[in-house]
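Asker: Got a predicted structure plus its sequence, pasted below:
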Amino acid sequence: MRIAIFTDTFYPDINGVARTLKRLTNFLENQSITFKLFAPASPIEEFASSHIHRSKSLSFFMYPECRLAFPNLSQMKTELQNFSPDLIHVATPFNIGLCGVYFSKKLNIPLVGSYHTNFDHYLQCYSLPFLSKLHWNYMEWFYQTCKKIFVPSPATLLQLKQQGFTNLEIWPRGVDCQLFHPYYDKKSVKHRYCRQDSYLLTYVGRLAPEKDLYTLLAAARSLPSDINQNIHWLIIGDGPLREELESQAPENMTFTGYLEGEPLAEVYAASDLFVFPSASETFGNVVLESLACGTPVIGAKAGGVQNIVKPGLTGLLCEPGNVQEFSEAILQLLTNESLRQKMGTSGRHYALTQSWDRILHNLISQYTDVIQEREHQKYA
């Protein structure tokens, strides 16, 4: 099996798509499955590989962490033909993804796609709702020749089904339970950021309009003063709203910037609650990471998050944007330590069932089905 992957974001970019694809390519290498990945050039050249073809790129003005690629089609075509893939997987609907769709048609190579980002929700957040119809028309055109479209959650599958998409398959996300676990030294983390007797509440993610961080700020401010004086918030991540959020944040809120690997896992494990107001997630990787560390989640009842959090068992779900529901949920769990511990244990048990190996073996099985179907058609 030879797989060509076309994506507009890849490691060392910090986002869910890049991390998922890095996990996939690591798995392909471990399984001795040959692949070639086409992606934009990164300003951080710490990761070079003969498996990766990088195209010139510039930072995208609306989303500076992502790159807008300017591929050399002739060079890309030569490299793709020399590689001779059995299958093309397009992971993003931008410039590099468009190249994948084009070469699939031009060279008659079977195509699959994955849908990672709820751009329609982003349009609402960036005051561009009038582009919604145009967006869905483009998405329908982009994915129309895909033999399978992989989506990360049942909620996303339903959303695309309602838009008329077919050939949908769920490709969920796993979590590394050896990295993300509850057994870190919680005291040392609290010593770094707050008093030992403080409740530690955490958010992890991009600091951008689509994450609805104003709801989080409002909920933090609305908590009763006797509880609030014993709470410390950690806001982990970066993005265009960071400066504004920091200027509006209460004194008990620390902005750390991005954390990765063990430092991030330590914070999850030391936290009493993980609060995640975003209603735009197609999955919610950070939610699953928090559960793996034994920390209950208070999240928005929307998108992929509602497929991960089991209300009353591993956390609580609130109506998106409802400040009162979020603050009541925070109070309910902070004042009930035994329930928090029970939820943390249940969350860890759930995360242990979400094995990357099982999930990625299933994806390879889906690849195989598409390739074999093509072979049968060829010789029918």
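Answerer: Good, I have the coordinates.
Asker: make it CA atoms for all contacts and neighbour counts henceforth
Answerer: Fine.
Asker: what's the neighbour count on Ile235?
Answerer: Burial measure for Ile235: 23 neighbouring residues, criterion other Cα atoms under 10 Å.
Asker: gap between it and Gly113?
Answerer: 33 Å (Cα to Cα, to the nearest Å).
Asker: Just read off the phi/psi values of Asn312.
Answerer: Actually, residue 312 is Gly. It isn't Asn. Note on Gly312: backbone dihedrals following degrees, to the nearest 10 are phi 90, psi -10.
Asker: what's the spacing between the closest residue in space to it that isn't next to it in sequence and Ile231?
Answerer: Distance criterion Cα to Cα, 6 or more residues apart in numbering; nearest residue to Gly312, sequence neighbours excluded, is Met343 at 7.5 Å. Note on Met343: its distance to Ile231, by Cα to Cα, is 20 Å.
Asker: the more surrounded of these two?
Answerer: Set Met343 next to Ile231 and count neighbours by other Cα under 10 Å: Met343 wins out with 25 against 21.
Asker: residues near Gly294, how many?
Answerer: Quick note: Gly294 (other Cα under 10 Å) scores 32 neighbours.
Asker: change the start of the numbering to 9 and stick with it
Answerer: Okay, residue one is now 9; in that scheme the one you just asked about reads as Gly302.
Asker: pretty sure it is in contact with His189, am I right?
Answerer: Yes. Judged on Cα atoms under 8 Å, Gly302 makes contact with His189 at a distance of 6.8 Å.
Asker: so what sits against both of the two?
Answerer: 277, 356 (Cα atoms under 8 Å, 6 or more residues apart in numbering).
Asker: Which positions in stretch 184-199 come out as buried?
Answerer: By 16 or more other Cα atoms under 10 Å, the buried positions in stretch 184-199 come out as 184-185, 188-190, 192, 194, 197-198.
Asker: pull the CA atoms of it into PDB?
Answerer: Extracted C-alpha coordinates of stretch 184-199, given in PDB (Å, rounded to 0.1, in the frame of the first residue of the first chain):
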ATOM      1  CA  ASP A 184      -1.800   8.600  24.400                       C
ATOM      2  CA  CYS A 185      -2.700   7.300  27.900                       C
ATOM      3  CA  GLN A 186       1.000   6.700  28.800                       C
ATOM      4  CA  LEU A 187       1.600  10.500  28.400                       C
ATOM      5  CA  PHE A 188      -1.700  11.700  29.600                       C
ATOM      6  CA  HIS A 189      -2.400  10.100  33.000                       C
ATOM      7  CA  PRO A 190      -3.400  11.200  36.500                       C
ATOM      8  CA  TYR A 191      -0.200  10.200  38.300                       C
ATOM      9  CA  TYR A 192       1.900  13.300  38.000                       C
ATOM     10  CA  ASP A 193       3.100  15.300  41.000                       C
ATOM     11  CA  LYS A 194       0.100  17.700  41.400                       C
ATOM     12  CA  LYS A 195       1.800  19.600  44.300                       C
ATOM     13  CA  SER A 196       4.700  20.800  42.100                       C
ATOM     14  CA  VAL A 197       2.300  22.000  39.400                       C
ATOM     15  CA  LYS A 198       0.300  24.000  41.900                       C
ATOM     16  CA  HIS A 199       3.500  25.300  43.500                       C
END
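Asker: which residues of the stretch 259-388 of the chain fall in strands?
Answerer: Ranges of strands in the stretch 259-388 of the chain, per DSSP state E, counting those that start in this stretch, are 261-265, 281-284, 305-308, 323-326.
Asker: residues in contact with Ile13?
Answerer: So Ile13 contacts 43-46, 96-99, 108 (Cα under 8 Å, 6+ apart).
Asker: Sticking with it, tell me its helix or strand.
Answerer: strand 10-14 (DSSP states H and E).
Asker: For that strand, which strands pair with it and how are they oriented?
Answerer: If you go by DSSP bridges, strand 10-14 pairs up with strand 42-48 (parallel), strand 95-98 (parallel).
Asker: Was I right to think Glu327 contacts Glu333?
Answerer: Yes. Here Glu327 reaches Glu333: they are 7.0 Å apart, a contact under Cα under 8 Å.
Asker: Please identify which of these two sits among more neighbours.
Answerer: Using other Cα under 10 Å, the more surrounded residue of Glu327 and Glu333 is Glu333, with 18 against 15.
Asker: Could you find the closest non-adjacent residue to the more buried one?
Answerer: Take Glu333 and drop its neighbours on the chain: the residue closest to it by Cα to Cα, 6+ apart is Cys326, 5.7 Å away.
Asker: Tell me the bridge partners for the one you found.
Answerer: Going by DSSP bridges, Cys326 forms beta bridges with Ala308.
Asker: Give me the number of neighbouring residues for it.
Answerer: Per other Cα under 10 Å, the neighbour tally for Cys326 reads 22.
Asker: Kindly provide the distance from it to Leu81.
Answerer: Cys326 sits at a distance of 47 Å from Leu81 (criterion: Cα to Cα).
Asker: Please apply the same query to Met261.
Answerer: For Met261 relative to Leu81 (Cα to Cα), the value is 48 Å.
Asker: Which of those two has more residues huddled nearby?
Answerer: A count of neighbours by other Cα under 10 Å puts Met261 above the other of Met261 and Leu81, at 20 against 14.
Asker: Let's see the pLDDT reported for the closest residue to that one other than its chain neighbours.
Answerer: Distance criterion Cα to Cα, 6+ apart; nearest residue to Met261, sequence neighbours excluded, is Trp241 at 4.5 Å. Note for Trp241: predicted pLDDT of 97.
Asker: Check which helix or strand Trp241 maps to.
Answerer: Judged by DSSP H and E, Trp241 forms part of strand 239-244.
Asker: Show the subsequent helix or strand relative to that strand.
Answerer: Moving toward the C-terminus from strand 239-244, the next element (DSSP H and E) is helix 250-256.
Asker: any idea how far that next one is from the chain center?
Answerer: 24 Å (Cα atoms, centre = their mean, to the nearest Å).
Asker: Now do that helix: everything it contacts.
Answerer: Residues from elsewhere that reach helix 250-256 (Cα under 8 Å, 6+ apart): 215-216, 263.
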